[in-house]
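**Q** Fold the stuff below for me.
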Amino acid sequence: MEDFNLFVKERLVALHNKLIDSVTQKHPFIFGILKGQLSVMNYRLGIHVTDKGVAVENYTLHLAGFSMVDVKNGVLAPEILHDKGSIKPYLVIEKDDFVKILKDQQIINHITNATLKFLD
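**A** Got it, this is the predicted structure:
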């Protein structure tokens, strides 16, 4: 499992950087607006990985603005603070689809099988 966690951390950071670079190049105006708003935020997003519906691993992505600061495995602790409180979004995805996304760096092809949920 340690090899899988290392693979996820390395590939997830690379995918995140590729996504940010792509948005920056294709939509510099929109990115500039979002960067101004999000650059002061620290937030966490979660990923719950399953294999045929059985929990395999949890990840918490720590972000500061658009920079991915850390990826913690074994913990599902998402949180985005806003004026009215907080929301706790996390993605539920099958391991096979998650690995495909990380390997070929094509989110759109495999993300349709994922579900966005929120912790209470």
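
**Q** rest of the way, CA atoms for contacts and neighbours
**A** Noted.

**Q** Need the residues that contact the helix or strand of the chain with the lowest mean pLDDT.
**A** Lowest by mean pLDDT, DSSP states H and E among the helices and strands of the chain is helix 107-110, with a mean of 75. Residues outside helix 107-110 that contact it (Cα atoms under 8 Å, 6 or more residues apart in numbering) are Asp97, Phe98, Lys100, Ile101.

**Q** Kindly recompute the last result at 6 Å.
**A** Asp97, Ile101 (Cα atoms under 6 Å, 6 or more residues apart in numbering).

**Q** Could you point out the helix or strand that follows the longest helix along the chain?
**A** Identified as the longest helix of the chain according to DSSP state H is helix 2-26. Later in the chain than helix 2-26, the nearest helix or strand by DSSP states H and E is helix 28-38.

**Q** quick one: low-confidence parts of this protein?
**A** For the chain, the stretches with pLDDT under 70 are 1.

**Q** change it to 80
**A** Counting by pLDDT under 80, the chain shows low-confidence ranges at 1-2, 31, 34-40, 105-110.

**Q** ok so, going back, off-centre distance for the least confident helix or strand of the chain?
**A** 14 Å (Cα atoms, centre = their mean, to the nearest Å).

**Q** same deal with stretch 91-102?
**A** Here stretch 91-102 is found 11 Å from its chain centre; the criterion is Cα atoms, centre = their mean.

**Q** Which residues belonging to it are considered buried?
**A** Residues Leu91, Val92, Ile93, Glu94, Lys95, Asp97, Phe98, Val99, Ile101, Leu102 are the ones in stretch 91-102 that count as buried (16 or more other Cα atoms under 10 Å).

**Q** before we move on, what about stretch 62-82?
**A** Buried residues in stretch 62-82, counted by 16+ other Cα under 10 Å: His62, Leu63, Gly65, Phe66, Met68, Val71, Asn73, Leu76, Ala77, Pro78, Glu79.

**Q** Quick one: end-to-end length of it, please.
**A** End-to-end distance of stretch 62-82 (Cα to Cα, to the nearest Å): 16 Å.

**Q** mind checking how far that stretch is from the chain centre?
**A** For stretch 62-82, the distance to the chain centre is 8 Å (Cα atoms, centre = their mean).

**Q** can you count the residues close to Ala55?
**A** Per other Cα atoms under 10 Å, the neighbour tally for Ala55 reads 14.
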